[in-house]
Structure formats: structure tokens, C-alpha cells
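>>> Got a predicted structure plus its sequence, pasted below:
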Amino acid sequence: MIKRNIDIIILIFILIVAAFAMKNDFYYEIAVLSILNAIICIGLNLLIGYAGQISLGHGGFMALGAYISAILSSNYSLSPMLSLFIAVLFMGIFAYLISKPILKLEGHYLAMATLGVGIIIYIIINAQGDLTGGPDGMGVDVFKVFGYEFDTNVKWYILSSIMLILVIMALKNLIKSPYGRVLRGIHDSSVAVESVGADVAKYKSYVFVISVIIAVVAGSMYAFFSGFISPAEASFNRSVELVVMVVFGGIGRIYGAVMGAVILTVLPQLLTSFEDYQTLIYGIIIILVMMFMPKGIVSLFDKLRKNGAGS
Amino acid sequence: MLVVRELSKKFGGLKAVDDLSFNVKSGTVHSIIGPNGAGKTTLVNMITGVYKVTSGEIYLKKENETYAEDDIEEIIHGKRENITNLSMSKLVHKGVCRTFQHLEICNTMSALENIMLGFHKFMNKNFILSCINSKKIREDEQKYEYEAMKYLKMFSLDDVAYKKADSLSYGVLKKIEIIRALATKPRLVLFDEPVAGLNPKETADISAIIKEVANEGISVILIEHDMKMVMQISDWITVVNFGKKLAEGTPVEISNNEDVINAYLGSRHKKKLANNG
């Protein structure tokens, strides 16, 4: 039991140590942001790394869900939990409906189609100024669960950490179950999976829906946390950023997605002292990592473990 | 077991399969042979739902129905099920499974897991239960891991059970693909060139497996270019040329059929037969 969940124990340890090491509120803010990005990337990784489908519209899906949560709770005074629930339900159905025609496509065509949907969402959010505040964005009320307010960064750090751990545990279980075996199989050979009686199209739809729901939950949390949401969240850049995090960390690896998200969220903050060269250095780091670790940052740990076992 | 009626497939102007009819009897090895490009794989792809048929029907014997074979009346009275254009995954649930000319194996999984994939339709796939790793899921997983191991032992492949598929030889993977198909507990299996590219020892192994499968009462459709194997294990042979049925009969009848010798087997085969005789 302990051996099987050693990674979870290490993760909890790191989260606790990090909590003591962080000196001020800004550190916590970056930490929460990293964790929420990590959750989104774990979901996206399920789609890219396991079901072998690419989505360049996840920023859009995430933002649309987050806007629904924000609008319902802030403009219509619904409780945040109920707003989140409605957003998840709506986006789940939305994702399922668009998955039917879209997931018939493969490779570049699928990327283009998801990109298109993402851009449409971006345009709609910008255009519906009455509801969304348009390009200026909108304020979001504080997150409450049964009257308990999440009003400090520390509370958010704890909440998002718990969410991260739950998501990782659930997906770890899923991946090794018969359900997960089908997902892993689709990536290797969808024909093989089809030939044993699994409806591949159905599984692809489900995974797409799951990844969108995870993104919507984390995206809504981000809106509640920062108290503000703008169309930038739905932009093409945001969608690409999420895919880069997954690839940078290591496709098809849960902790790859986590590491990719954390590193690429923290890195720009570390590079702010380089001012004008920030983006350049950021780009060079990504190029170098992909050149020398094509399987992502997480492959570094595989090598370490192998060497450790060898000696 | 299977009745194929007036099946045709057109790719643009090309008729890959043209008005083909045949019956597969239960528990027999029914081979389909013919020159390259004759339409054999197209035929299998239509039967297994990979291609949509242009015209014609495919009927499968219903489970637990017993009646005389070859009876078109049975189709008319609805005792057979029309499986035309059913998808490959749906067909597995009807008891039809296949292997592929080019390997379709999950490379990142172990041999054992590839076999476990074959038990897919028997396993619990509830999403929520999977996420919380419930007792039901764990028990299922254990039960079918044991079953898969049993299958591997049966084919003396238990020593490679935990090896990743991409580290295994082509011959072993061909066998694993066959075992995976058998794990779905089919009533009809289609083997598309199961011994292409294998050495004589591996070919003999797979011949024996196919024969054994038929002995278990599972119907077999075999597509193969290895004539020695086809003649040895087939109960019935349909010869296809340019998408049309050229001849059908027992292996002995086919080996002596002039049309077949001219179109496919070649005169060398005739000489060989004469020498053997």
C-alpha cells in the first residue's frame, strides 16, 4: 500500500515543505497558479498522452467554463459551488456534442478543428460585453463552500493541493484499470483496441469530455482565486501554453504534466529580472529541453532511477 | 456459421470484390485463397466491418440456435442475424473476432496486458469505480490477469508474460495477436495471413493452433499464401480471382482444379502434386 502510493506521499511532503518555505503571499499565488495549471495539464495529458488526441482549444474550453461559473456566481448571485456544478455540466455536454464530429478527425486536422472551436469561443467572449465584460474582463466574487470563504492565498494553497492529490490518485487508478488499458491501447494501436470490442470513438469522446471537465473545474477555481477573469484565458496562446506544458513535462506521464506545468508557470517569474530577454530565455530553455530530453523533463528522473538501480 | 451473399465492394471504378457468395460451416477451417490483389483482405475487411459493403449481405448464426447449415430459408425466417456493416467492436460482442495481416499490437504494454485487452468485453469498465480503484475493479483485474496467464501458459509463452511487446520477436507477437483474439471467446475467428514472414517452425506452431481452435468448435476463416499449410489444415477452400469466386471445394478438389492451377497455383504445383501422387 505504502510502496504503491510512494509518489503521493512524496508529493504531500513536497507540498508541505513548500508551504513552510514560501515567504510571502506572492509565492503562494504562484504556487496556486502552478497547481491549477498542473491539474489542467493532467487532464489534457490524458487526452494527448493516452488517447493520442491533440486539442489546441483547451484554453477556450477552460475559459468558457470559468466564465459560466463567474457569471452565474457574480452576476446572478448563485452559490459558487452551484455555479461550478452548472458550468461543469454544461461544458461536459458541450464537449460531448462537439467531440462527435471533431474526434472523427486525426492529427493536424483535429488540431485545426479544436483550434477553430477555441477561437470561436474567444471571439464570443470578447463580443458578449454585457455578460462577460468584453476584452476588459470581469470581476469574480470570492469562493465560498457552505459559507466558508476562501479569502486568503494560504487557504487556496491548501484547497488546490488537495484537489491536485485527488486528481492524481483518481487518474493513477484509472490508467491501470481495464478502462485505462483501453486508453493506453488507443495510443498504441486503435485498431487492436477496436478488434477486442472496445468502441474507440466512444472512449475518445469520453476522454475529451473528462479532460474538458477537469480544465473547467481548475479554470473556474483560477477565476475565483484571482477574483478576475479576462478573455486572455480563452486565447490561442493559452491553449498552446497548456499543450507546451504537457509536452515539456513528458507526454503520457501524470507527473510529466505536473512538472511541465509547475516549471513553465514558475520559470517566467524567475526570468522577470532579465526584463527584455525574458521571452528569449524562456524559448531557449524549451528548445534545449526538447532537444536533449524529447520525452520531457520527467525522463530525467527515469535516468536517475535507472542509474540508482544499476549501482 | 456465416453466410455471405452476393457481396460486392467497389473502390471508385474498381470492383475489388464482385458478387461473392459462400457459406462457412460451424467448427471448420474455411480458407480463402487467391493471387495478390484478388480481394481477399477486402473481403475480410467487409466481414469484420472495417469497410462498408457496396452491396450484398452477411449473416451470422444466432447464438444458441441450432439448425441445418447452408439453408437460405433460415435467413428468410430470421433465424440468422444480419451483421452487414456492423463495426468491428460490435462484432466482437456477437462473437466474431479477427487478426491482422500487419501486426496490431500495443507496443507499450507487456505481453500479458495485450492478452488482458482481449478480455475487454468481460471486464468492468465503470469510470467512477475505476477512478476509486474499487474492489470490483481489482477483483476483475486479478481474475483476468490469471486467465491471461493461463492462455499464455497454454501456448508456452508464459516466460515472456511481463516483457514489453516491443522487445518481442515478430513470431511471438503474431501468436500473441491470435491469443488476444481467442480471449474474446469468439464463435468465428478470421485469420488474415497469420504465418506471413514466419519461419517453418513458427508456421507449424500456428497451424497447430488454428487446427486446435477449429477442434474446439470455433469456426475459422483463414487467408493465407502458404499453400502447404492451407492444404493441410483446411476443411474447405474458396478460391478468389479478380474479386470473383473461381472455385470452391475440399483441398484435394482445389489442388486438381485446372482453373485454379492456371490462375494461382501454377503448373509447378501440378508437377509437385503429380510427383507426390
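Structure's in. What do you need?

>>> From here on, just use CA atoms for contacts and neighbour counts.
Noted.

>>> The residue lying closest to B:Gly37 once chain neighbours are set aside: neighbouring residues, count only.
Leaving aside its chain neighbours, B:Gly37 sits nearest to B:Phe242 (7.3 Å; criterion: Cα to Cα, 6 or more residues apart in numbering or on different chains). Using other Cα atoms under 10 Å in any protein chain shown, B:Phe242 is surrounded by 17 other residues.

>>> Likewise for A:Phe20?
8.

>>> so it, which of the three states?
Here A:Phe20 is recorded as helix under DSSP: H, G, I helix; E, B strand; the rest coil.

>>> max-length helix in the chain?
The chain I'm using is chain A. For chain A, the helix that runs over the most residues, judged by DSSP state H, is helix A:200-226.

>>> hm, I was asking about chain B
Per DSSP H, chain B has its longest helix at helix B:135-154.

>>> which strands and helices sit next to that one?
helix B:111-118, helix B:127-131, helix B:170-183 (3 or more Cα pairs under 8 Å, 6 or more residues apart in numbering or on different chains; DSSP states H and E).

>>> Export these to a markdown table and append columns for mean neighbour count.
A markdown table is the format used below for the helices and strands packed on helix B:135-154 (neighbours: other Cα atoms under 10 Å in any protein chain shown):
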| stretch | mean neighbour count |
| --- | --- |
| helix B:111-118 | 28 |
| helix B:127-131 | 19 |
| helix B:170-183 | 22 |
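
>>> Dump the ones you listed into TSV; add mean pLDDT and distance to A:Ile251 as well.
TSV is the format used below for those (pLDDT from 0 to 100; distance: least, Cα to Cα, whole Å):
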stretch	mean pLDDT	distance to A:Ile251
helix B:111-118	94	21
helix B:127-131	89	20
helix B:170-183	93	26
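
>>> Can you redo those as CSV, where the extra columns are distance to A:Tyr206?
Listed next are these as CSV, based on distance: least, Cα to Cα, whole Å:
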stretch, distance to A:Tyr206
helix B:111-118, 19
helix B:127-131, 10
helix B:170-183, 25
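
>>> Run a quick neighbour tally on residue 261.
No chain was given, so I picked chain A. By other Cα under 10 Å, 31 other residues sit near A:Ala261.

>>> meant chain B actually
Counted with other Cα under 10 Å, B:Ile261 comes out at 16.

>>> Please apply the same query to B:Asp159.
So B:Asp159, with other Cα under 10 Å, has 10 neighbours.

>>> model confidence over whichever strand or helix holds A:Gly59, on average?
In the assignment (DSSP states H and E), A:Gly59 maps to helix A:58-70. If you average the pLDDT over helix A:58-70, you get 94.

>>> Which residues are in contact with the closest residue to A:Met245 other than its chain neighbours?
Leaving aside its chain neighbours, A:Met245 sits nearest to A:Gly260 (4.5 Å; criterion: Cα to Cα, 6+ apart). With contacts defined as Cα atoms under 8 Å, 6 or more residues apart in numbering or on different chains, A:Gly260 is in contact with A:38, A:244-250, A:297.

>>> Which is the succeeding secondary structure element to the helix or strand hosting A:Gly260?
Here A:Gly260 sits within helix A:254-270, counting by DSSP H and E. Using DSSP H and E, the helix or strand that follows helix A:254-270 in sequence is helix A:278-292.

>>> Only C-alpha atoms, please: export the helix or strand just after that next one in PDB.
Remark: after helix A:278-292, the chain's next helix or strand is helix A:298-310, criterion DSSP H and E. What follows is helix A:298-310, C-alpha atoms only, in PDB (Å, rounded to 0.1, in the frame of the first residue of the first chain):
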ATOM      1  CA  VAL A 298      10.200  13.600 -16.400                       C
ATOM      2  CA  SER A 299      12.600  11.400 -18.400                       C
ATOM      3  CA  LEU A 300      15.400  12.900 -16.400                       C
ATOM      4  CA  PHE A 301      14.000  11.100 -13.300                       C
ATOM      5  CA  ASP A 302      13.800   7.800 -15.200                       C
ATOM      6  CA  LYS A 303      17.500   8.100 -16.000                       C
ATOM      7  CA  LEU A 304      18.300   8.900 -12.300                       C
ATOM      8  CA  ARG A 305      16.300   5.900 -11.200                       C
ATOM      9  CA  LYS A 306      18.000   3.600 -13.700                       C
ATOM     10  CA  ASN A 307      21.400   4.700 -12.600                       C
ATOM     11  CA  GLY A 308      20.400   4.300  -9.000                       C
ATOM     12  CA  ALA A 309      19.200   0.800  -9.600                       C
ATOM     13  CA  GLY A 310      22.400   0.000 -11.600                       C
END
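
>>> Could you report the distance from A:Asp276 to A:Phe301?
Relative to A:Phe301, A:Asp276 is positioned 32 Å away (criterion: Cα to Cα, to the nearest Å).

>>> what does B:Arg180 give?
34 Å.

>>> for B:Asp159, same thing?
For B:Asp159, the distance to A:Phe301 (Cα to Cα) stands at 29 Å.

>>> where's the closest residue to chain B within the stretch 51-200 of chain A, which helix or strand?
Closest residue of the stretch 51-200 of chain A to chain B, Cα to the nearest Cα: A:Gly197 (3.7 Å). Secondary structure from DSSP H and E places A:Gly197 outside every helix and strand.

>>> Would you confirm that B:Leu173 contacts B:Ala165?
Yes: under the criterion of Cα atoms under 8 Å, B:Leu173 makes contact with B:Ala165 at 7.2 Å.

>>> tell me, what's touching these two both at once?
With Cα under 8 Å, 6+ apart, B:Leu173 and B:Ala165 have common neighbours B:Ile105.

>>> lowest-pLDDT helix or strand in the chain?
All of this refers to chain A. One helix or strand of chain A scores below all others by mean pLDDT, DSSP states H and E: helix A:298-310, with a mean of 74.

>>> Quick one: residues in contact with that one.
In contact with helix A:298-310 (Cα under 8 Å, 6+ apart) are residues A:249-250, A:253, A:255-256, A:259, A:293.

>>> in stretch A:103-113, what counts as buried?
Under the neighbour-count criterion of 16 or more other Cα atoms under 10 Å in any protein chain shown, stretch A:103-113 has A:103, A:110-113 buried.

>>> ok, and what's touching it?
A:53-56, A:102, A:201, A:204-205.

>>> 7 Å instead, please
By Cα atoms under 7 Å, 6 or more residues apart in numbering or on different chains, the residues outside stretch A:103-113 that reach it are A:54-56, A:102.
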